[in-house]
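Undergrad: give the three-dimensional model of this entry:
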Amino acid sequence: GSKKQPYYVGVENPPYQMDMMQYVAVLSAVASIPSKPIKERLQSVGKHFHDSSVNYRNFNFRRENNQGGPPIGPRVLFWGCGSDTPLHAHAIEYLGGKITFVDNSPKFREQCKKYHPDIRLIRPIGNKTWHIKQILESVPRDGSGLETDEVEDPLTASQWMPNLDKIEKEDPWDVIVVDGPEENLGRSQPMYMAKRLAQSYGTNHYTHIFLHDSNRESNCIIANAIMGHDPAYFIGDTLPRKGLKHWRIPGRNRKLPPTTSKDLAS
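TA: Modelled structure (predicted):
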């Protein structure tokens with residue numbers, strides 16, 4: 001019989017993890033993030049921010065026009081390495097931003113590091129069946145179980161990954177994409193991580209969160225329980241090629257659970 005195509009195909013073939021319209025959805029959100037100086041003013045004054053054409057005449061977000069300083073474009077956290085790793089890495093580099101990939105596969109990590117060095121290895125616990133059971137038994141199916149300012153909620157014990165070494169000390173992420181890990185592990189822990197990170201930021205910081213393969217029954221359960229579908233935050237679902245859900249979550253200064261460097265390769 002014919003050989004099964006490997007999941008990771010490198011850069012010789014076009015990306016195929018998502019439909020092209022889904023790539024457009026993700027990258028459009030990334031490109032819409034204000035540059036760091038404007039974003040800081042927005043977060044400082046909120047609705048009282050007044051724009052000016054001076055922002056566009058005297059400022060260029062590109063890294064090469066930033067006098068060698070740190071990236072001031074969008075910050076993106078992407079769970080899942082694959083053939084589209086170079087695509088996302090080049091797009092964020094063009095925008096003068098920073099992208100960090102997360103994966104649980106040492107093999108994928110080593111392959112993708114050829115094209116982008118910032119890839120963290122994080123090992124979720126449990127499996128999809130166990131996680132779905134915890135979710136269904138612990139919280140309502142509308143996202144309300146996480147709408148609290150307490151450090152812990154009914155899902156913290158089963159869903160928080162303490163090996164997110166010092167992630168609470170990093171600058172806020174603007175966009176978080178969850179396209180992993182593999183199906184048998186489930187995506188509840190990465191989605192819980194994304195929601196908690198978004199909630200931990202200041203009240204004028206908004207985080208775009210994407211969940212790929214949203215048409216899977218397990219991911220529907222995860223999306224319902226962890227994110228909810230309040231129209232104030234739920235943007236929509238780009239349906240070709242297995243679905244891509246999109247939320248825009250406001251910060252609420254909710255403190256994160258503790259982390260440790262155990263089992264983390266940075």
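Undergrad: what is the burial count for residue 171?
TA: Residue 171 is flanked by 11 other residues according to other C-beta atoms under 10 Å. Every C-beta, even on glycine, is put in place using the N, C-alpha and C of the backbone.
Undergrad: check whether it really touches residue 74, as I assumed.
TA: No - the pair residue 171 and residue 74 does not pass the contact test of C-beta atoms under 8 Å, sitting 11.3 Å apart.
Undergrad: okay, buried residues for stretch 160-168 please.
TA: For stretch 160-168, the buried set under the neighbour-count rule, 16 or more other C-beta atoms under 10 Å, comprises 160-161, 163-165, 167.
Undergrad: mind checking the end-to-end distance for that stretch?
TA: Using C-alpha to C-alpha, to the nearest Å, one end of stretch 160-168 lies 13 Å from the other.
Undergrad: do me a favour and average the pLDDT over that stretch.
TA: For stretch 160-168, the mean per-residue pLDDT is 85.
Undergrad: quick one: it to chain centroid distance?
TA: Offset of stretch 160-168 from its chain centre (C-alpha atoms, centre = their mean, to the nearest Å): 14 Å.
Undergrad: and if you look at stretch 142-151?
TA: 19 Å.
Undergrad: list the contacts of stretch 143-157.
TA: Stretch 143-157 is contacted by residues 134-135, 138-139, 192, 195-196, 199, 224-230, 252-257 when judged by C-beta atoms under 8 Å, 6 or more residues apart in numbering.
Undergrad: out of these, which sit inside helices?
TA: Per DSSP state H, helices hold the following members of these: 134-135, 138, 192, 195-196, 199.
Undergrad: list the contacts of the spatially most central residue of the chain.
TA: Per C-alpha atoms, centre = their mean, the C-alpha nearest to the average position across the chain is that of residue 176, at 1.6 Å. By C-beta under 8 Å, 6+ apart, the residues touching residue 176 are 76-79, 194, 197-198, 207-210.
Undergrad: now find how far off-centre the strand or helix carrying it is within its chain.
TA: When elements are assigned from DSSP states H and E, residue 176 belongs to strand 175-178. Between the centre of strand 175-178 and the centre of its host chain there is 2 Å, according to C-alpha atoms, centre = their mean.
Undergrad: for stretch 129-140, list every residue counted as buried.
TA: Buried residues in stretch 129-140, counting neighbours by 16+ other C-beta under 10 Å, are found at 131-132, 134-135, 138-139.
Undergrad: centre of the chain to that stretch, how far?
TA: The chain centre lies 22 Å from the centre of stretch 129-140; the measure is C-alpha atoms, centre = their mean.
Undergrad: give the rounded mean pLDDT of the particular helix or strand that has residue 208 in it.
TA: Using DSSP H and E, residue 208 maps to strand 206-212. Mean per-residue pLDDT for strand 206-212: 97.
Undergrad: quick check: can you name the pairing partners of it and their directions?
TA: Strand 206-212 has its sheet partners listed here by DSSP bridges as strand 175-178 (parallel), strand 244-250 (antiparallel).
Undergrad: quick one: contacts of the longest one?
TA: Counting contacts by C-beta under 8 Å, 6+ apart, the residues outside strand 244-250 that touch it are 18-19, 22, 25-26, 29, 195, 198-199, 203, 205-212, 214, 223, 227, 233-238.
Undergrad: so how do I select the buried members of those in PyMOL?
TA: A single PyMOL command is used to select the members of the contacts of strand 244-250 judged buried by 16+ other C-beta under 10 Å:
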select buried, resi 18+19+22+25+26+29+195+198+199+205+206+207+208+209+210+211+212+214+223+227+233+234+238
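Undergrad: where in the stretch 1-150 of the chain is pLDDT low?
TA: The model of the stretch 1-150 of the chain has pLDDT under 70 over residues 1-16, 57-68.
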